[in-house]
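[1] I would like the atomic coordinates for the input below:
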Amino acid sequence: MDKENDHEVEWLEAQKIETSVDLFAAAKQQLLFLAAVDRNRWLYDGPALETAIYRYNACWLPLLAKHSESSSLAEGPLVPPLDCEWIWHCHRLNPVRYKTDCEQFYGRVLDVSGVVSSVNGNCNLKTQDLWKRLYPEEPYDLDLDKVDSEDKSSALEKRTTYDLVSAVKRQSPFYYQVSRSFVSSDVFLQEAVARYKGFLYLIKKNRERSLRRFCVPTYDVDLIWHTHQLHPVAYCNDLEKLIGKVLEHDDTDSDRGKGKKLDTGFSNTTAQWEETFGRRYWKAGAMYRGSTPKAVATSPYVSDVLAKEPTAKEELIQVPDVEVVEVLLEIIEVSNIPDGHKGKLSVMFSKTQPDSLFDAERRLTILSEAGEKQVAFFQCEPTGELCFQLVSSSPSKLPVSREPKNLGFASLSLEEFFSPVITQLSVEKWLELTPIKGSKTDPKPISLRVAVSFTPPTRCPSVLHIVQSRPSCKGSCFFPIIRKSRHAKSSTYVVDETQTEVISLQMSDGSTLKGDYTAQRQVIGEMDSGETRVLAEYTGAFWSLLDSKWSLKQTNVEIPLFELLGTRVVKIFSGRKLDYEPKHCAKRRSEEDFMTLVEFSKQHPYGKAVALLDLKFGSIEAEENWLVLPGIVTAFILSTHMKKGGSNGFDTTTKVAQQESLKSNGLKEESKVIMVENKVKENTTNGQTAAAIIAPEKGSGCGGGGGCSGECGNMVKAAMASGCGSGCSGECGDMMKATNASGCGSGCSGECGDMMKSTKASGCGSGCSGECGDMMKSTKASGCGGGCSGECGDMVKAAKASGCGGGCSGECGDMLKAAKASGCGGGCSGECGDMVKAAKATGCGGGCSGECGDMVKAA
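    Numbers count the residues shown, from 1 in each chain. Modelled structure (predicted):
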């Protein structure tokens with residue numbers, strides 16, 4: 001307890017650090033500015049950047065110097081042109097160099113007092129008049145049509161020799177790391193300011209002890225540090241008062257490799273922070289997101305379409321609004337350990353109210369017991385409680401492992417953090433365990449010290465699946481049949497992640513409804529109420545959607561392939577783009593399986609990913625409600641078009657139309673749940689700390705990037721992620737795999753080394769030749785069976801479903817089995833055909849010969 005008091009004293013001392021800037025308000029301003037610059041990416045590179053640097057040196061700094069000398073020069077504040085403000089921004093983020101340059105050329109540090117940002121909406125007419133008077137040959141706003149590659153800066157008498165081009169290129173990727181919507185929330189920024197003061201406190205302590213340490217901030221801390229530096233006079237005064245000098249901001253190191261300066265510095269900063277304050281340094285929403293995704297457009301596209309949300313009457317289907325938070329969890333310590341259990345403990349955690357994002361049990365080691373830092377990262381709804389079970393595992397030399405002993409449980413309410421208002425985003429506390437019924441009560445109850453941080457809630461994307469109403473071909477994947485279909489045989493279900501039907505769709509040639517055989521093709525939708533509507537009609541040149549509110553047409557170029565135009569401008573690109581770009585190698589799939597819908601608007605002239613179509617597994621992930629129905633209809637048309645080889649309203653000239661026919665739609669292969677566990681030595685990181693901890697929202701894998709050869713070493717894999725990937729060589733070393741993880745991958749040679757797999761899910765089997773086909777297996781599902789030859793075909797098996805059976809020959813065909821359903825039966829020959837079985841239904845029966853045909857069995 002004394003140590004905890006010491007930690008709290010240190011934290012309170014850190015919070016006494018004073019700054020002469022309102023960092024909270026200024027950080028919000030900086031985020032707005034960075035977003036404005038990102039809408040004008042010509043400022044990142046090329047001749048326009050060179051011209052902006054010239055204008056900054058030749059016009060803006062002299063104007064700022066004159067304005068600060070004489071208040072009579074102009075009334076009111078100065079408003080810099082956007083290009084000059086961006087160069088000024090990057091110059092100030094090297095505070096020592098900026099101070100030196102200003103003092104050399106102007107005799108003092110040029111400050112931000114009397115200046116307002118160009119993105120504040122302030123009137124800049126007075127500044128424009130002053131600019132025109134001083135620089136009649138140079139327009140106030142940079143004219144991109146007159147930009148040339150001529151180097152005019154070299155002729156200037158007063159210009160910094162600091163490499164501003166390189167400074168801009170180093171700062172350009174920063175916005176991506178802080179661009180998510182929750183970063184600008186009050187509670188996130190307030191905690192960021194407090195953590196920045198803690199960061200400065202560590203630097204102060206190091207200087208007092210004459211320790212030379214390279215302190216590396218997390219991105220929330222870095223945002224506030226940048227904010228402070230953008231007020232150069234205040235920053236210089238504050239830091240000289242605190243540590244006796246102007247603190248340098250070294251942004252020249254970007255190599256995150258193991259043992260490099262950035263990696264070592266971050267490891268040491270993490271250790272010092274946690275030792276000093278007794279709280280975790282890693283924080284949800286503040287870690288490295290990976291590199292900036294590749295742009296889909298090199299020049300801005302500005303639309304004159306006025307974005308409009310659909311009215312309640314126009315919304316034919318309803319999808320629930322679900323919130324999501326990111327969670328970073330670590331188990332720090334356990335106290336009052338019973339005799340005989342030390343060194344054998346771990347923690348199983350789950351949710352009392354499982355949701356579509358997080359619905360399974362996970363395991364974490366305990367820092368004090370394992371001597372290794374293991375952190376879990378996942379997404380869930382901000383409801384219910386996180387539950388923790390302390391388990392003791394005894395090693396056994398027998399081939400059958402012993403069941404771990406449950407030593408007690410505890411819980412942490414999520415709702416107390418988010419309801420009715422968000423009070424805090426991180427907590428570290430002791431939880432007293434409740435003993436299991438029947439166990440001996442100890443006078444000293446066991447306690448767990450748990451550290452957890454969250455992001456503020458944001459809207460969860462809507463994920464819908466396009467599902468065939470009945471099996472049609474070998475090798476297909478389907479959802480379990482929800483109920484007896486009322487639709488025509490060619491109808492297709494659209495269901496949400498709870499398997500609730502949202503709408504059914506049917507492709508009609510038009511004559512079915514009108515009796516007119518010259519009619520165009522149509523998409524017919526049937527609502528849950530039974531109402532039938534024409535959702536789309538092919539006009540001969542394009543598809544008209546939703547009473548002509550939208551049009552879907554093929555472009556005459558390969559990039560993008562299609563356009564969806566209506567109340568918004570949406571372009572459709574082949575592959576996973578922007579925020580959907582795969583960052584890791586474990587889930588290697590063909591990019592031809594995907595299409596990304598990208599909205600172009602005044603707010604996002606370079607495009608914003610708003611939906612992902614998974615054409616192979618028949619799903620759509622829509623970021624916003626306005627796109628749900630147009631997105632469903634678009635996905636249905638494009639999926640049908642591709643399966644028909646382009647005969648469904650589009651010609652076959654595009655590259656995508658020439659792909660081989662896709663498998664029938666069904667289960668979405670990639671879950672939205674992401675779980676990343678990072679094993680590193682205590683008080684150290686593994687060289688890819690931030691990259692490994694914060695996996696991209698829409699990807700998983702080892703962190704090696706798309707070019708990973710599969711030699712991933714001691715890789716820790718994410719929940720519901722596949723193995724090495726179809727292109728992996730399989731030489732993954734001592735790979736640790738999480739719940740719901742499949743095996744090595746269809747293209748793996750099976751040489752996976754000492755693969756460790758979690759909760760009760762077996763792979764192909766240690767003796768398997770790897771010929772398991774395209775079998776998909778979920779939680780607690782066994783493999784093909786001990787006597788199986790491995791030729792299970794394309795079997796899809798659901799939660800807690802056993803395999804073909806110990807005596808099965810493995811020839812189960814395309815059997816689809818639902819939750820808690822047994823296999824063909826011990827005496828079954830395995831020739832069950834295309835049987836579809838519903839929840840909790842048994843198989844054919846022990847005496848069945850297995851020739852059950854296409855039997856459909858109800859729950």
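[2] For this protein, give the strand that spans the most residues.
    Among the elements of the chain assigned as strand by DSSP state E, the one spanning the most residues is strand 323-335.
[3] Show me the shaky parts of the stretch 501-650 of the chain.
    Counting by pLDDT under 70, the low-confidence segments of the stretch 501-650 of the chain come to 510-519, 584-587, 643-650.
[4] Would you map the helices across it?
    Along the stretch 501-650 of the chain, the stretches classed as helices by DSSP state H, counting those that start in this stretch are 511-514, 628-643.
[5] closest to Thr227 out of those helices?
    Taking Cβ to Cβ, helix 628-643 is the member of the helices of the stretch 501-650 of the chain nearest to Thr227, at 37.3 Å. For the C-beta atoms, the positions are set from N, CA and C on the backbone; glycine is no exception.
[6] Export the closest one to CSV, keeping only CA atoms.
    Listed next in CSV are the C-alpha coordinates belonging to helix 628-643 (Å, rounded to 0.1, in the frame of the first residue of the first chain):
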residue,chain,number,x,y,z
VAL,A,628,-26.8,0.5,-45.8
LEU,A,629,-29.6,0.0,-48.3
PRO,A,630,-27.9,1.4,-51.4
GLY,A,631,-24.9,-0.7,-50.3
ILE,A,632,-26.9,-3.9,-50.0
VAL,A,633,-28.4,-3.5,-53.4
THR,A,634,-25.1,-2.6,-55.0
ALA,A,635,-23.4,-5.6,-53.4
PHE,A,636,-26.2,-7.9,-54.7
ILE,A,637,-26.0,-6.5,-58.2
LEU,A,638,-22.2,-6.7,-58.3
SER,A,639,-22.0,-10.1,-56.8
THR,A,640,-24.6,-11.4,-59.3
HIS,A,641,-22.9,-9.6,-62.1
MET,A,642,-19.6,-11.2,-61.4
LYS,A,643,-21.0,-14.7,-61.0
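[7] Thr596 contacts Phe573, doesn't it?
    Yes - when contacts are counted by Cβ atoms under 8 Å, Thr596 is listed as touching Phe573 (5.0 Å).
[8] any common contacting residues for these two?
    Any residue near both Thr596 and Phe573 by Cβ atoms under 8 Å, 6 or more residues apart in numbering counts here, and that gives Val296.
[9] Name the stretch among the helices of the stretch 501-650 of the chain that sits most buried.
    Between those, the one whose residues have the most neighbours on average, counting mean count of other Cβ atoms under 10 Å, is helix 628-643 (a mean of 24).
[10] picking that back up, report the mean confidence score over the longest strand of the chain.
    When the per-residue pLDDT values of strand 323-335 are averaged, the result is 94.
[11] Tell me which other helices or strands it touches.
    In terms of contact count using 3 or more Cβ pairs under 8 Å, 6 or more residues apart in numbering; DSSP states H and E, strand 323-335 is assigned the packing partners strand 345-351, strand 362-364, helix 367-370, strand 372-380, strand 385-392, strand 447-454, strand 458-459.
[12] what is the orientation angle of it with strand 385-392?
    Using axes from the mean of the first three to the mean of the last three Cα atoms, to 10 degrees, the direction of strand 323-335 lies 30 degrees away from that of strand 385-392.
[13] Please write out the alpha-carbon positions of stretch 606-613 in PDB.
    Output for stretch 606-613, consisting of C-alpha atoms alone and laid out as PDB, is shown next (Å, rounded to 0.1, in the frame of the first residue of the first chain):
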ATOM      1  CA  TYR A 606      -9.300  12.400 -51.600                       C
ATOM      2  CA  GLY A 607     -11.900   9.900 -50.500                       C
ATOM      3  CA  LYS A 608     -13.200   8.200 -47.300                       C
ATOM      4  CA  ALA A 609     -13.800   4.500 -47.200                       C
ATOM      5  CA  VAL A 610     -17.400   4.100 -46.300                       C
ATOM      6  CA  ALA A 611     -18.100   0.400 -47.000                       C
ATOM      7  CA  LEU A 612     -16.300  -2.900 -47.800                       C
ATOM      8  CA  LEU A 613     -17.900  -5.600 -50.000                       C
END
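[14] Name the surrounding residues that touch the helix or strand Gly408 falls within.
    Take DSSP states H and E as the rule and Gly408 turns out to sit in strand 405-413. Counting contacts by Cβ under 8 Å, 6+ apart, the residues outside strand 405-413 that touch it are 338, 341, 345, 352, 384-394, 427, 429, 431-436, 439, 445-446, 448, 450, 452.
[15] what angle do the longest strand of the chain and strand 447-454 make?
    Relative orientation of strand 323-335 with respect to strand 447-454: 160 degrees, computed using the same axes, to 10 degrees.
[16] Buried residues, strand 323-335. List them.
    Of the residues in strand 323-335, those with enough neighbours to count as buried (16 or more other Cβ atoms under 10 Å) are Val324, Val325, Glu326, Val327, Leu328, Leu329, Glu330, Ile331, Ile332, Val334.
[17] Please write out the alpha-carbon positions of it in CSV.
    As requested, C-alpha coordinates have been extracted for strand 323-335 and formatted as CSV (Å, rounded to 0.1, in the frame of the first residue of the first chain):
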residue,chain,number,x,y,z
GLU,A,323,-21.6,1.6,-30.2
VAL,A,324,-18.1,0.2,-30.0
VAL,A,325,-15.1,0.8,-27.8
GLU,A,326,-11.6,-0.4,-28.1
VAL,A,327,-10.2,-2.0,-25.0
LEU,A,328,-6.6,-2.5,-23.8
LEU,A,329,-6.3,-4.9,-20.9
GLU,A,330,-3.4,-6.1,-18.8
ILE,A,331,-3.4,-8.3,-15.7
ILE,A,332,-0.7,-6.8,-13.4
GLU,A,333,-0.5,-8.7,-10.2
VAL,A,334,-2.2,-11.3,-7.9
SER,A,335,-2.1,-11.3,-4.1
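[18] so how far is Tyr140 from Val147?
    Computed with Cβ to Cβ, to the nearest Å, the distance linking Val147 and Tyr140 is 15 Å.
[19] low-confidence ranges in the stretch 301-450 of the chain?
    The low-confidence ranges in the stretch 301-450 of the chain, as defined by pLDDT under 70, are 305-315, 343, 394-402, 438-442.
[20] Fine by me, thanks again.
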